[in-house]
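# Test case, fold it:
(chains A and B)
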Amino acid sequence: MVDRHSNRPNRELSAELQAFEAQLAAILPSTGRLERDRLMFEAGKAAAEAEQMRPSASMPRWAWPAISTASTASAVFLLAMVLIDSRSPIVEKPVPRTGEITSGATDPSDQVPVRRFPDSQPDRPDQGSSHALLASLFFGDEQPRDNSRSTYFDQRNMLLALGGDRLPELRETPSAKGGRSNTRVSYADLLDELTLEAHGFVPGNNGPDRLKPLHQGTDL
Amino acid sequence: MIESEVLTRLFDERGPALVLYARQWSDWPEDVVQEALIQLMRQRRLPADPVAWLFRVVRNGAISQVRQQSRRRRRETVTAESRRPWFCESPDDPLMAEEAAEALRRLPPEERETVVARLWGGLSFGQVSRLTGVSISTAHRRYEAGLTLLRKLMIPEEREAQLPTSTEPRVPDKPVQDYDSIEASDG
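So this is what the prediction gives:
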């Protein structure tokens, strides 16, 4: 028993000690209260509990940390996308051409670039600035001209924008030029005159000079 | 997972030696050994040297148990444990087991631990040196010294050699004056 597990041979011990060693090795230690059946039961129970506590052998040790990291990254990405998407979007509105309202001119120089308005801005021209009123009048919605209510408001806005003192002049101009007195001027004619004047043409001129621009710095 | 056959073999081959090894420190060595075997079964893989692993766990567990015991409880259990036999009685020489246990108790702790681990535990001197934290030569020297002392304690001839040849007290002829006179008279 001793020689089998020895690192050194027992020749260093004397003969008397070797004999005494063999005599002692023949005495078997007592197991005391150690019960084999109870020990095997407790050991099996402990092994089963330890096996349950361990992660699965089919899944490597780094699997759960990797899954947790990927899940966290996905949640952060989705949260960022939701926050970006919640901001107010920019809506593009096409702006009509200048001559569609007045003379129907199709001059490419009259093309106006697209203007952008935030979606939350009100679309009613009577609540905006003077520029917005003019823009809504000249470049605004393409409503039909026979809409009397819309025409009335357009003319009213035009008068408010250009001033009421121009109204008598505009009223007198057709009769002076055409020699017609007591001629009733419709709202549509008044609107045409005002529109032409706003674009720099001589109001009331039906001849070849009708499209002659006014001098620069007109009172618009 | 460790197979149950491994545990059965370790229990049959090393169980009694482990109990004897733990008995040096602990009053309840069976509990320490059982806990060590259960701890072995909790391991995912079998250690490279399961026997040396068991002896180390038993040693640590027994020393830890001693530290946890109160002094009063220790005194009581020592009295109770002293009645339990350390060795199985041999039919040829029933007194040999008792004498061996008594002689082991009288050994110095380091020598007793080395003798038990080497002689009954079957560990090599390298394993004993790693277990006790000393060099191989120190372990071998402790083992030889322990065996020599055990032999002196157990064999009657050795006991008689230790005793004085005459039981009568030696009375000097005259009172000792000083050490110089003693050396002069002896010379």
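# low-confidence ranges in chain A?
A:1-11, A:55-58, A:87-90, A:96-149, A:165-185, A:201-220 (pLDDT under 70).
# Tell me where the longest helix sits in it.
In chain A, with assignment by DSSP state H, the single longest helix is helix A:63-85.
# Assign the most centrally placed residue in chain B to helix, strand or coil.
Geometric centre of chain B, nearest residue: residue B:112, 3.0 Å, by C-alpha atoms, centre = their mean. Assigned by DSSP: H, G, I helix; E, B strand; the rest coil, the conformation of residue B:112 is helix.
# Now do the contacts for it.
B:24, B:104, B:146 (C-beta atoms under 8 Å, 6 or more residues apart in numbering or on different chains). C-beta here means a position set from N, CA and C on the backbone, and glycine is covered the same way.
# can you do 6 Å?
residue B:104 (C-beta atoms under 6 Å, 6 or more residues apart in numbering or on different chains).
# where's it relative to chain A, distance?
Relative to chain A, residue B:112 is positioned 12 Å away (C-beta to the nearest C-beta, to the nearest Å).
# Distance check, that residue against residue B:11.
24 Å (C-beta to C-beta, to the nearest Å).
# what do you get for residue B:106?
30 Å.
# The two: which is more packed in?
Using other C-beta atoms under 10 Å in any protein chain shown, the more surrounded residue of residue B:106 and residue B:11 is residue B:11, with 21 against 10.
# could you list every residue that touches residue A:199?
With C-beta under 6 Å, 6+ apart, residue A:199 has no contacts at all.
# Now it. Its backbone dihedrals?
phi -90, psi 10 (degrees, to the nearest 10).
# how close does it sit to residue A:187?
Noted for residue A:199: a distance of 19 Å to residue A:187, by C-beta to C-beta.
# same thing with residue A:77?
Distance from residue A:77 to residue A:187, by C-beta to C-beta: 59 Å.
# of those two, who's got more company?
Counted by other C-beta under 10 Å, residue A:77 and residue A:187 do not tie: residue A:187 has more neighbours, with 14 against 10.
# ok, the spatially closest residue to residue B:42 that is not a sequence neighbour - how many residues close by?
Spatial nearest neighbour of residue B:42, excluding adjacent residues (C-beta to C-beta, 6 or more residues apart in numbering or on different chains): residue A:50 at 4.2 Å. Residues contacting residue A:50 under the criterion other C-beta under 10 Å number 17.
# what does residue A:70 give?
Neighbour tally, residue A:70, other C-beta under 10 Å: 10.
# And residue B:134, by the same measure?
For residue B:134, using other C-beta under 10 Å, the count is 16.
# mind checking the SS state of it?
At residue B:134 the chain is in coil, as set by three-state DSSP.
# May I have the residues that are in contact with the closest residue to it other than its chain neighbours?
Leaving out its chain neighbours, the residue that sits closest to residue B:134 by C-beta to C-beta, 6+ apart is residue B:142, at 7.6 Å. Contacts here follow C-beta under 6 Å, 6+ apart; on that basis residue B:142 touches B:110, B:111, B:114.
# Tabulate the residues you listed (CSV), appending pLDDT, distance to residue A:69 and neighbour count.
As requested, those are exported to CSV (pLDDT from 0 to 100; distance: C-beta to C-beta, whole Å; neighbours: other C-beta atoms under 10 Å in any protein chain shown):
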residue, pLDDT, distance to residue A:69, neighbour count
B:110, 93, 53, 15
B:111, 93, 57, 20
B:114, 94, 53, 30
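# Going by distance to residue B:39, which of the residues you listed wins?
If you rank the contacts of residue B:142 by distance to residue B:39 using C-beta to C-beta, residue B:114 comes first, at 24.1 Å.
# if I look at the closest one, how far off is residue B:33?
Per C-beta to C-beta, residue B:114 is found 19 Å from residue B:33.
# Which residues of chain B lie near chain A?
For chain B, the residues in contact with chain A (C-beta under 6 Å from any C-beta of the partner chain) are B:7, B:15-17, B:19-20, B:30, B:34, B:37-38, B:41-42, B:85, B:87-88, B:97, B:100, B:119-120, B:122, B:124-126, B:147, B:151.
# And for residue 153, the neighbour number?
Reading this off chain A. Residue A:153, neighbours per other C-beta under 10 Å, totals 16.
# was after chain B, sorry
By other C-beta under 10 Å, the residues close to residue B:153 number 18.
# and if you look at residue B:117?
Residue B:117 has 27 nearby residues by other C-beta under 10 Å.
# do the same with residue B:151
Look at residue B:151: counted by other C-beta under 10 Å, it has 20 neighbours.
# same check, this time on residue A:200
By other C-beta under 10 Å, 14 other residues sit near residue A:200.
# same question, residue A:32
Per other C-beta under 10 Å, the neighbour tally for residue A:32 reads 21.
# cool, and residue A:38?
Residue A:38, neighbours per other C-beta under 10 Å, totals 11.
# what do you get for residue B:37?
24.
# ok, now which ones touch it?
Residue B:37 neighbours (C-beta under 6 Å, 6+ apart): residue A:43.
# Now name the helix or strand holding it.
helix B:29-42 (DSSP states H and E).
# Just after that helix, pick out the following helix or strand.
helix B:50-68.
# secondary structure element for the closest residue to residue A:194 other than its chain neighbours?
Of all residues not flanking residue A:194 in the chain, residue A:158 sits nearest, at 5.1 Å (C-beta to C-beta, 6+ apart). Assigned by DSSP H and E, residue A:158 belongs to helix A:148-162.
# Can you mark which positions in that helix are buried?
By 16 or more other C-beta atoms under 10 Å in any protein chain shown, the buried positions in helix A:148-162 come out as A:151, A:153, A:154, A:155, A:157, A:158, A:159, A:162.
# Tabulate those (a markdown table), appending distance to residue B:54.
As requested, the buried residues of helix A:148-162 are exported to a markdown table (distance: C-beta to C-beta, whole Å):
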| residue | distance to residue B:54 |
| --- | --- |
| A:151 | 106 |
| A:153 | 101 |
| A:154 | 103 |
| A:155 | 108 |
| A:157 | 102 |
| A:158 | 106 |
| A:159 | 109 |
| A:162 | 108 |
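# May I have the distance across stretch A:84-91, first residue to last?
16 Å (C-alpha to C-alpha, to the nearest Å).
# related to what we said a few turns ago, secondary structure element for the residue nearest to residue B:134?
Secondary structure assigned from DSSP H and E places residue B:142 in helix B:136-154.
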